[in-house]
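> okay, predicted coordinates and the sequence, questions at the end:
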Amino acid sequence: MVDLAATAGGHARAYGQIAWLWIRAAWQYPTSFVLLAIGNGLITGLDFVGLWIMFAHLRDLAGFSLSEVALLYGSASLALAAADTAIGSVERIGTYIRTGRLDQMMTKPVPLLVQVCADQFTLRRLGRLTQAAVVFGWACTYVDWTPLRALVAVSMLVSGALVFFGLFVGFSCIQFWTTDASEFANAFTYGGATVTQYPLSIFPREVLVGLTFVIPVAFVNWYPCLYLLGRTDPFGMPDALQFASPVAGVLTMALALLVWRSGVRHYTSTGS
């Protein structure tokens, strides 16, 4: 256990050092950095503006009010933004393979996944994080808080980020075999986040089952938000699922790491 903690700590330090190099490089042009961050936040904020306009003509969406949908939107967006900021560069694995850069990374005394995730780290995505946090914070004012609900909310955000971490890594690994499948991966990462920004009760039950047991994005926010809002599951799913987000997050990450190891073993270099 001690060795595992020491190894994880070493990986975290290596990640932080690489990320800091990219932050320092980006900050050489502070005006560009700030404008990109603000622009990123404004562009992603248009999603919620669209929801707000929609509710100007609707009383509710599948029985959910604007504040309840905002809780779903904010929590899903926060989880995605955290994952995208931390390891979004893993989507470029296909480019690294084609250009031979992955070969260069494999010669360095730093775990390959750490290098890939930290490469080209940028804080301009803080605009998306900030916008999501504002919406989530506003929605939280409508929740009847208890100590257990506060714990579930924190667990939801951490677990949701882990689920998206796993989806980013796992589906990006397909590029070890195809060399170019980033758009396929985006369908499950960004697409999954978009789906969970709305009440899943607007979809058929079969979709919910798929988003629970196949691509587990329902655990990002749907199940825990039902508990936070004191609502019964419209599909009659077990109440225990409302507390299962940490399990889903850990299992998704574990499976993604196995896929990563398999992809690295399959990789045979570009020969350059």
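Happy to help now that I have it. Numbering: from 1, shown residues only.
> give me the low-pLDDT residue ranges for the stretch 51-200 of the chain?
The stretch 51-200 of the chain contains residues with pLDDT under 70 at 124, 179-182.
> now the helices for it?
Under the criterion DSSP state H, counting those that start in this stretch, helices of the stretch 51-200 of the chain are mapped to 66-87, 93-99, 101-106, 112-118, 126-140, 147-172, 175-178, 182-196.
> contacts only, for Q104.
Q104 makes no contacts at all, as judged by C-beta atoms under 8 Å, 6 or more residues apart in numbering. In short, each C-beta sits where N, CA and C put it, glycine included.
> kindly report the same for the one 10 residues further on.
With contacts defined as C-beta under 8 Å, 6+ apart, the neighbours of V114 are H11, A14, Y15, I18.
> any idea how many residues pack against the nearest residue to the last one once chain neighbours are set aside?
Just to be clear, that refers to I18. Take I18 and drop its neighbours on the chain: the residue closest to it by C-beta to C-beta, 6 or more residues apart in numbering is A118, 3.8 Å away. Look at A118: counted by other C-beta atoms under 10 Å, it has 22 neighbours.
> can you tell me how far A118 sits from I87?
Going from A118 to I87 by C-beta to C-beta, to the nearest Å gives 8 Å.
> what helix or strand does G236 sit in?
For G236, there is no enclosing helix or strand under DSSP states H and E.
> so how far is F164 from it?
On the measure of C-beta to C-beta, G236 and F164 end up 27 Å apart.
> could you do V134 as well?
20 Å.
> V90: neighbour count?
By other C-beta under 10 Å, 26 other residues sit near V90.
> quick one on the thing from earlier: just the buried residues of the contacts of V114.
Among the contacts of V114, the ones that count as buried by 16 or more other C-beta atoms under 10 Å are A14, Y15, I18.
> quick check, the last one in a strand?
No: assigned with DSSP: H, G, I helix; E, B strand; the rest coil, I18 falls outside any strand and is helix.
> who are the contact partners of it?
I18 is in contact with V110, V114, Q115, A118, D119, F121, counting by C-beta under 8 Å, 6+ apart.
> let's have those residues in CSV, adding distance to A248.
Formatted as CSV, the contacts of I18 follow (distance: C-beta to C-beta, whole Å):
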residue, distance to A248
V110, 29
V114, 24
Q115, 27
A118, 25
D119, 28
F121, 26
